[in-house]
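Asker: A predicted structure for the sequence below; I have some questions about it.
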Amino acid sequence: MRRHLLIALIAMVVGPLALLAALAGKMLHDEEDLVRHRFRELLEQRLDDSRSAVTEVVGELEVELVQALEATAVDREALRAFERGQPLVRQVFVVDPDGRRLHPRADADASADEREFLERTRAIWEAKAELARVGPAEGSSDAYANNTWTLSPSSSGSLLSSSGGSLLADAQQASNAKIAAARDQRAANEQAQQAYGWGLEDAEQRADAPTDALHNRASPQQQAPAQQQKASAALDAESEAAPAADSLAGLARIREQGWIAWYWEEGLHLLFWRRRADGLIAGAEIERAALLQRLIDSLPATGEQSSLIAVADAKGAPIYQWGIYEPADAEEPRARLLLAPPLESWSLLYYGPADAPIALTTSRFLVVIGLGGTALVLLGLAVFFYREWSRNMRDARQRVSFVTQVSHELKTPLTNIRLYAELLADELEGLDDRAEEHAGVIVSESQRLSRLIANVLTFSRRGRPASARRSLDVEAAIRQTIEHFGPAFAERGITVRREGAAPRPVIADEDALGQILANLLSNVEKYASAGERVDVTLAQDAAKTRIRVRDYGPGIPAGQRRKVFDPFFRARSDLTEGVSGTGIGLTIARDLARQCGGELELEPCEPGACFVLTLPTQPAGDTPGPTPEGSDVA
């Protein structure tokens with residue numbers, strides 16, 4: 001099988017398969033990304049469900065605290081009894097509208113728990129802490145639904161101890177990136193605060209006389225309940241522009257209730273406060289262990305075997321988790337979601353196997369089936385074309401073999417017919433003109449049939465080298481061929497003119513040279529008889545001998561000249577119509593010329609056609625050729 005056909009068959013199979021494989025790979029990649037995205041959304045939805053449960057617990061806790069704080073009398077013993085009866089409350093506090101702390105008081109009757117509470121919250125009571133509102137929870141659409149404040153690390157007299165400073169920094173990086181923006185706007189916020197008359201003096205002045213300063217700078221709206229309600233509503237509306245304060249009294253002027261979150265030595269601490277109907281500010285520090293227990297009760301006890309969900313603090317340490325998946329050391333969670341305020345420093349983490357979302361078995365199976373089916377179809381087509389090509393080539397070889405064998409079989413009896421026809425023509429010469437003419441036709445047709453058989457046999461041996469290249473008298477070969485075509489040319493009125501000479505012999509195969517000249521003159525007889533003339537010109541130099549055969553017929557169209565040497569090609573129909581031929585004469589002639597070390601070319605000329613046969617000249621020092629000769633043959 002020829003190499004270019006094999007390459008074409010391989011390309012026909014591999015090309016479409018490679019293209020389909022690339023498209024299938026792109027499709028699987030896109031589908032994998034889509035599945036991964038949907039899987040992540042599903043994970044976040046599961047985490048959001050857990051966050052909603054935590055948020056519901058915090059909301060229930062707020063309702064309980066609001067009801068209890070509103071109904072509790074402002075009395076030391078009553079408040080202490082309230083603390084003992086509320087497992088979720090670690091310490092209760094009460095502040096008047098001017099910022100004076102009514103409970104717990106730092107006097108000799110204060111308990112150890114109350115003193116520790118005052119130490120933890122000293123910055124609030126001394127009005128040295130900047131309280132900045134935490135940004136909205138992740139996923140929240142209401143930017144002002146968050147009532148949680150935190151103590152800024154830049155606050156003077158911060159509540160942070162040496163062990164709690166890094167924890168707060170971690171918490172704010174994870175949950176409160178908007179604090180920095182609020183701190184940058186502090187100057188503008190202070191101006192807005194002063195516009196409502198509730199801005200406080202600097203920390204040093206408040207430290208000297210905190211109670212008087214707060215009392216003297218109390219807003220006029222606090223002097224009457226109706227005015228106070230209007231001012232409170234206005235301050236709530238303007239809290240968007242003033243999200244920072246440095247005392248509980250300042251916070252109470254911004255919102256009706258809220259949370260304060262900060263870190264102390266053992267971790268996160270939470271204060272809930274509310275502005276009561278009587279104007280007092282009551283609140284409670286939440287018992288962290290009890291809060292955790294209530295949160296754990298609201299979360300699932302068990303989870304899926306292939307996953308693990310954990311509630312983690314600001315440092316990433318798990319507080320509670322469910323599920324039996326065991327993450328590796330330093331394994332990153334597949335999904336992360338911050339809890340809603342006031343627990344925004346805590347987060348929900350999802351852990352699971354890395355390949356869990358990529359479940360594309362069906363898609364991959366369909367792609368493999370599709371590619372396999374396409375490959376089978378293409379291979380089937382390739383095999384079909386190969387078998388058809390092989391069958392056609394086998395049939396062609398059989399036909400060529402048959403024609404060659406028949407030609408060989410015809411060659412021997414044809415030689416005898418031609419021999420006896422020539423003998424008969426010689427015997428009838430001068431006796432019977434009509435019989436002599438008939439014998440001449442037999443000889444002419446047998447010669448033409450001999451040339452046809454010779455062409456067929458030569459074409460069947462294409463590519464084989466010439467068998468007997470030797471020194472030849474080119475002029476004798478030309479003269480013999482012209483004499484051979486003499487009767488046919490005379491019948492068609494064609495005159496042959498010979499010009500030039502070749503004093504030195506050429507190197508060629510005698511039979512091949514004769515067949516080349518016979519094919520060229522045969523074309524003149526068939527297609528150029530209308531020109532009534534053919535020129536055979538010889539030109540020789542030390543290296544090459546050139547034989548030009550030119551006719552004066554209609555010629556060959558310019559667009560077909562490059563095809564005249566192709567096998568089975570015949571020129572335009574008006575030239576070949578009614579003329580028998582196989583279209584292999586010029587192909588054989590050029591092949592034979594090349595086998596003899598020469599070339600056969602078509603030169604443009606008007607009118608007619610001109611073929612140039614080039615053969616190698618015998619080197620100097622050998623026997624010289626015949627003498628120059630020129631003649632006209634009719």
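Answerer: Yep, that arrived.

Asker: ok, Ser50 touching Leu348?
Answerer: Yes - counting by Cβ atoms under 8 Å, Ser50 touches Leu348, with 5.6 Å between them. From N, CA and C alone the C-beta is placed, and that goes for glycine too.

Asker: between those two, what contacts are shared?
Answerer: By the contact definition Cβ atoms under 8 Å, 6 or more residues apart in numbering, Ser50 and Leu348 are jointly contacted by Ile309.

Asker: who's more crowded, those two?
Answerer: For Ser50 and Leu348, the more surrounded residue by other Cβ atoms under 10 Å is Leu348, and the numbers stand at 24 against 19.

Asker: please, which helix or strand holds the more buried one?
Answerer: With the criterion set as DSSP states H and E, the secondary-structure element containing Leu348 is strand 347-351.

Asker: would you mark the buried spots in that strand?
Answerer: Buried residues in strand 347-351, counting neighbours by 16 or more other Cβ atoms under 10 Å, are found at Ser347, Leu348, Leu349, Tyr350, Tyr351.

Asker: same question, stretch 55-66
Answerer: Within stretch 55-66, the residues scored as buried using 16+ other Cβ under 10 Å are Thr55, Val57, Val58, Leu61, Glu62, Leu65, Val66.

Asker: pick the one among these closest to Gly553.
Answerer: Thr55 (104.9 Å; Cβ to Cβ).

Asker: so who does the closest one touch?
Answerer: Here Thr55 is in contact with Leu339, Ala340 (criterion: Cβ under 8 Å, 6+ apart).

Asker: as a markdown table, the buried residues of stretch 55-66 with pLDDT and distance to Ala340 would be great.
Answerer: Output for the buried residues of stretch 55-66, formatted as a markdown table (pLDDT from 0 to 100; distance: Cβ to Cβ, whole Å):
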| residue | pLDDT | distance to Ala340 |
| --- | --- | --- |
| Thr55 | 93 | 4 |
| Val57 | 92 | 10 |
| Val58 | 92 | 7 |
| Leu61 | 92 | 12 |
| Glu62 | 92 | 12 |
| Leu65 | 92 | 17 |
| Val66 | 92 | 18 |
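
Asker: out of these, list just those in helices.
Answerer: Cross-referencing the buried residues of stretch 55-66 with the helices (criterion: DSSP state H) gives Thr55, Val57, Val58, Leu61, Glu62, Leu65, Val66 as the overlap.

Asker: wait, the last one touches Arg274, no?
Answerer: What it means is Val66. Yes - here Val66 reaches Arg274: they are 5.7 Å apart, a contact under Cβ under 8 Å.

Asker: per-residue confidence averaged over the following helix or strand past the strand holding Leu348?
Answerer: Per DSSP H and E, the first helix or strand lying C-terminal to strand 347-351 is helix 361-428. Averaged across helix 361-428, pLDDT comes to 77.

Asker: which neighbouring elements make contact with helix 361-428?
Answerer: helix 3-71, helix 433-460 (3 or more Cβ pairs under 8 Å, 6 or more residues apart in numbering; DSSP states H and E).

Asker: on that earlier part again, mutual contacts of Val66 and Arg274, please.
Answerer: Taking Cβ under 8 Å, 6+ apart as the contact criterion, the residues that touch both Val66 and Arg274 are Gln257.

Asker: excluding chain neighbours, what is closest to Val549?
Answerer: Spatial nearest neighbour of Val549, excluding adjacent residues (Cβ to Cβ, 6 or more residues apart in numbering): Leu520 at 4.6 Å.

Asker: again, but for Pro333
Answerer: Taking Cβ to Cβ, 6+ apart, and ignoring the residues beside it in sequence, Pro333 has Leu349 as its nearest neighbour in space, at 4.0 Å.

Asker: what sits against that neighbour?
Answerer: Shown in contact with Leu349 (Cβ under 8 Å, 6+ apart): Ile309, Ala310, Val311, Ala312, Pro318, Pro333, Ala335, Arg336.

Asker: returning to what we had before: what residues of the helix or strand encompassing the residue nearest to Val549 count as buried?
Answerer: Assigned by DSSP H and E, Leu520 falls within helix 510-527. Of the residues in helix 510-527, those buried under the neighbour-count criterion (16+ other Cβ under 10 Å) are 510, 512-527.

Asker: how about stretch 18-26?
Answerer: Neighbour count says stretch 18-26 has Leu20, Ala24 buried, by 16+ other Cβ under 10 Å.

Asker: what's the answer for stretch 373-382, then?
Answerer: If you call a residue buried by 16+ other Cβ under 10 Å, then stretch 373-382 has these buried ones: Thr374, Ala375, Leu378, Ala382.
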